[in-house]
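Trainee: Got a sequence here, can you build the structure:
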Amino acid sequence: MDYFLLFLIGITATTIGTLAGGGGLISLPTMLLLGMPIHSAIGANKVSNTISSFSSFFTLYKRKQISLKESFWLIPISLGGGVTGGFIASQLSSENLYIIAVCLLTFAFLTSFIGKGNFSGSEPLKLSPLSGSGLFGIGIYDGLFGPGQGTLMLYLFSFLNIAYVKSVGLVRLATFSSCFGAAISYIASGVVIWPLTLALMAGSITGAQLGVRIAEKIKPQYVKPILRVITALLIVQLLIDNIR
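Mentor: You can find the predicted model right below:
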């Protein structure tokens with residue numbers, strides 16, 4: 001029964017995560033409720049996200065919605081930000097990490113009502129002071145804390161006037177690069193419970209492909225309201241976790 005539930009969790013969390021980020025809002029708490037040890041649950045998330053995010057990126061790459069020339073440079077920037085964030089996290093208390101996460105997500109939520117971007121643009125992703133520093137900063141956040149990384153990145157791409165489907169592909173590539181190293185670490189530590197992880201991975205790959213197909217059909221004007229709902233849910237969850 002647990003295998004089937006994990007498969008369903010993978011589908012649901014990754015479909016939502018592909019469309020608007022915040023898939024961890026569903027998968028991690030549910031795995032903990034099922035009794036998985038915290039490190040095993042995080043390891044399962046990282047391993048399944050590594051595979052599923054690459055599968056959705058590769059699908060969009062094959063459909064020529066995104067090019068390697070345009071996107072490849074964000075991999076070292078995301079990795080560099082993640083490593084930096086991991087180092088900073090080791091110097092901060094968990095309470096401060098929650099405060100930083102809530103502040104960043106609240107800032108993104110509020111600026112979404114001010115910014116003019118609505119994912120209807122057709123600009124390519126170019127390395128600039130804004131895009132480079134923004135992606136590096138979000139990489140730091142991913143290394144510091146994690147939940148909401150994809151959501152914050154979608155807000156950035158909206159501001160940069162990048163089309164929604166292309167934004168989804170870019171976010172999935174960045175997620176792959178940030179999760180890859182973490183997945184190796186968890187595998188090497190021996191905490192990954194492979195039967196459960198593979199069940200989650202199967203659902204995640206299915207959800208990634210489902211998310212890509214839905215993303216191609218969503219009208220751009222509907223994306224920001226979806227992002228705002230996911231952001232609000234992330235903020236509420238973080239506040240509840242911090243109170244506990």
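Trainee: Only C-alpha atoms from now on, for both contacts and neighbour counts.
Mentor: Will do.
Trainee: Now do the same contact list for the residue nearest the centre of the chain.
Mentor: Centroid-nearest residue in the chain, with CA atoms, centre = their mean: residue 150, separated by 3.4 Å. Contacts for residue 150 were tallied using CA atoms under 8 Å, 6 or more residues apart in numbering; they are 17, 20, 21, 22, 171, 172, 175.
Trainee: Could you measure from the fifth one over to residue 111?
Mentor: Plainly put, residue 171 is 19 Å away from residue 111 if you go by CA to CA, to the nearest Å.
Trainee: more crowded one of these two?
Mentor: Neighbours per residue, other CA atoms under 10 Å: of residue 171 and residue 111, the larger number sits with residue 171, 28 against 13.
Trainee: Tell me the buried residues in the lowest-mean-pLDDT helix or strand in the chain?
Mentor: Across the helices and strands of the chain, mean pLDDT, DSSP states H and E gives its lowest value to helix 94-111, namely a mean of 79. Within helix 94-111, the residues that count as buried by 16 or more other CA atoms under 10 Å are 97, 98, 101, 102, 105, 106, 108, 109.
Trainee: wait, which of those is closest to residue 11?
Mentor: Nearest to residue 11 among these: residue 105, at 24.6 Å, using CA to CA.
Trainee: phi, psi of residue 21?
Mentor: Per-residue torsions, residue 21: phi 80, psi 180 (degrees, to the nearest 10).
Trainee: so it touches residue 148, yeah?
Mentor: Yes: counting by CA atoms under 8 Å, residue 21 touches residue 148, with 6.2 Å between them.
Trainee: secondary structure element for the residue nearest to the centre of the chain?
Mentor: Using DSSP states H and E, residue 150 sits in helix 149-159.
Trainee: Same question for residue 65.
Mentor: Under the criterion DSSP H and E, no helix or strand holds residue 65.
Trainee: Quick check: which ranges of the protein have low pLDDT?
Mentor: For the chain, the stretches flagged by pLDDT under 70 are 1, 89-90, 94, 97, 115-116, 145-146, 242, 244.
Trainee: those helices in it, which residues are they?
Mentor: Counting by DSSP state H, one finds helices in the chain at the ranges 2-20, 24-33, 38-62, 68-71, 74-89, 94-111, 129-144, 149-159, 164-189, 194-215, 223-243.
Trainee: Give me the helices and strands touching the first one, please.
Mentor: In this case it means helix 2-20. helix 24-33, helix 149-159, helix 164-189, helix 194-215, helix 223-243 (3 or more CA pairs under 8 Å, 6 or more residues apart in numbering; DSSP states H and E).
Trainee: Which residues are in contact with the nearest residue to residue 4 once chain neighbours are set aside?
Mentor: Of all residues not flanking residue 4 in the chain, residue 199 sits nearest, at 7.2 Å (CA to CA, 6 or more residues apart in numbering). Residues in contact with residue 199 (CA under 8 Å, 6+ apart) are 3, 4, 6, 7.
Trainee: Now the buried members of the residues you listed.
Mentor: Neighbour-count burial (16+ other CA under 10 Å) applied to the contacts of residue 199 gives 6, 7.
Trainee: what's the closest of the contacts of residue 199 to residue 39?
Mentor: Closest approach between the contacts of residue 199 and residue 39, by CA to CA: residue 6, at 16.2 Å.
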